[in-house]
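Undergrad: Kindly generate the corresponding structure for this input.
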Amino acid sequence: MNEVISMKTAIRERIRKERGALDTRWVRQASRSVHEHATALSEYACAHAVGAYFAMPGEVQTAELLERCWRDGKEVCVPAFEPDFDAYIFTGAHASSVLREGMLGIPEPETHSLVEANAMTVVFVPGVAFDAHGGRVGHGAGHYDALLRDWASAFKIGLAFDFQIVDRVPTTPGDIAMDAVVTNSKIMLVEKQKT
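TA: Below is the predicted model of the structure:
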């Protein structure tokens, strides 16, 4: 377990250094390419409601993706910290939603409405790094893995830039795998092992 933690820490440090050197115009353009690939998936086309996120600097930016989802008539749900549960939940977000700064400095809707179980069939997921097997390295707090555990049946799409793809992400049993990883140059569908 300690070896896995050390390996993930090394990946985070390397990718964060690369992200810190990115040009904002490049990020905007590359993010658009990610959006084009992500919304070309049949799972997105069929989805009535999607999970998404408000991006932090250096991540695939999602403002235009959220606008696309609303234009396409999708219900959009985003993570928000719910003090009553002392955890993150998915809450509805609309183009007109009033936003506030959340617990980790990430924007979230000012008012929360708990999303019905199984409402979302697609979830766009941020991450520090991904691999072609669906492995994901988050920021290290485990919030997204905990959030996604309640949405096991949703098709999970990791959004990343090409340089965030690594050969293999070290994983632990609590890590949630992606069903696809989309970058600015490709779509990687993950083959699930039959049990």
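
Undergrad: Pull out the buried positions in stretch 17-36.
TA: Residues of stretch 17-36 classed as buried: 19, 27, 30-35 (neighbour count, 16 or more other C-beta atoms under 10 Å). Heads up, the C-betas are built off the backbone N, CA and C, glycines and all.

Undergrad: quick one: the residue lying closest to Ala154 once chain neighbours are set aside and Ala95, what's the gap?
TA: Spatially, and ignoring its direct neighbours in sequence, Ala154 is nearest to Val123 (4.8 Å; C-beta to C-beta, 6 or more residues apart in numbering). Using C-beta to C-beta, to the nearest Å, Val123 is found at 19 Å from Ala95.

Undergrad: Going by how many neighbours each has, rank the two and give me the top one.
TA: In terms of neighbours (other C-beta atoms under 10 Å), Val123 is the more surrounded of Val123 and Ala95; the figures are 26 against 10.

Undergrad: Name all residues that make contact with that one.
TA: By C-beta atoms under 8 Å, 6 or more residues apart in numbering, the contact set of Val123 is 50-52, 148, 151, 154-157.

Undergrad: Look up how far Trp151 lies from Arg168.
TA: Distance from Arg168 to Trp151, by C-beta to C-beta: 25 Å.

Undergrad: before we move on, the earlier item: nearest to Ile106, of the contacts of Val123?
TA: Nearest to Ile106 out of those is Ala52 (C-beta to C-beta; 12.2 Å).

Undergrad: show me the residues around the closest one that make contact.
TA: Ala52 neighbours (C-beta under 8 Å, 6+ apart): 62, 65-66, 69, 76-78, 93, 123-124.

Undergrad: Now with 7 Å, please.
TA: 62, 65-66, 69, 76, 78, 124 (C-beta atoms under 7 Å, 6 or more residues apart in numbering).

Undergrad: same question, Lys156
TA: 123, 125, 148, 176, 178-179.

Undergrad: One more: Ala119?
TA: Ala49.

Undergrad: host element of it?
TA: Using DSSP states H and E, Ala119 sits within no helix or strand.
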